[in-house]
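[1] Structure for this input, please:
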Amino acid sequence: MELVFFNSWGSLLRIVIVGLLAYAMLVLFLRLSGNRTLSKMNAFDLIVTVALGSTLATVLLSKDVALVDGAVALALLISLQFAITWTSVRFLWVRRFVTGEPLMLLYQGEFLLTSLRQARVTQDEVLSAIRSSGLSDVTAVEAVVLETDGSLSVVKRQAESRHSSLEGVRVEHRSDP
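    Residues are numbered from 1 along each chain as shown. Here you go, the predicted model:
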């Protein structure tokens, strides 16, 4: 009969020891890889984070996975993440492939319906983001952008500027429903 609530003191001790060591290694690897590894997540970062968590859990709970094997797996995942982000900083096509592009959802007070449908975002969600930024008038908004991490950025309308924060944001052609 399989033990459900308690296996042995030895298995608990193994989990504690391996857990402390694996956790320390993960923290060390994350610190070595830099702050970018811990920044706001896009889809790629989320995949790496889930894989890291899954690997750590497997190392902790599976007697079939040695601590060194787990450390190599964690190091591999973090190294891949570092290599991809390093490459994406240097090559635009890699960055666009890995993180996607920000998408304009509202421009100069007008909803971009094609973009809203494509991004599966409702007008109510855009209005909520505008309210959260402290604005009540949509005409005071230059743009609302769906960022690559899934957040909505509200850009307030201002006088003309030579360096717009909206450069590089994909704009779908305006269309009616």
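[2] How many residues are close by Ser33?
    Residue neighbour count, defined by other CB atoms under 10 Å, stands at 17 for Ser33. For glycine as for every other residue, the C-beta is placed from the backbone atoms N, C-alpha and C.
[3] show me what contacts it?
    The contact partners of Ser33, taken as CB atoms under 8 Å, 6 or more residues apart in numbering, are Ile78, Ser79, Gln81, Phe82.
[4] Next: Ile78.
    The contact partners of Ile78, taken as CB under 8 Å, 6+ apart, are Phe29, Leu30, Leu32, Ser33, Thr37, Val48, Leu52.
[5] From Val27, how far out is it?
    According to CB to CB, to the nearest Å, Ile78 stands 11 Å off from Val27.
[6] Give me the common contacts of those two.
    Overlap of the contact sets of Ile78 and Val27 (by CB under 8 Å, 6+ apart) is empty.
[7] Can you pull the domain assignment for the chain?
    As given by automatic domain parsing, the domain ranges for the chain are 9-97, 101-156.
[8] Dump those into CSV; add distance to Glu172 as well.
    Output for the domains of the chain, formatted as CSV (distance: least, CB to CB, whole Å):
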stretch, distance to Glu172
domain 9-97, 16
domain 101-156, 4
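[9] wait, which of those is closest to Val171?
    Of all the domains of the chain, domain 101-156 sits nearest to Val171, with 4.7 Å by CB to CB.
[10] what is the mean pLDDT for the closest one?
    Average pLDDT, domain 101-156: 92.
[11] quick one: buried residues of the helix or strand encompassing Leu21?
    Per DSSP states H and E: Leu21 is located in helix 9-33. Using 16 or more other CB atoms under 10 Å as the test for burial, helix 9-33 gives Val18, Gly19, Ala22, Met25, Leu26, Phe29, Leu30, Ser33.
[12] from the chain's centre, how far out does that helix sit?
    24 Å (CA atoms, centre = their mean, to the nearest Å).
[13] Strands along the chain, start to end?
    In the chain, the strands defined using DSSP state E lie at 103-107, 110-111, 141-146, 152-156.
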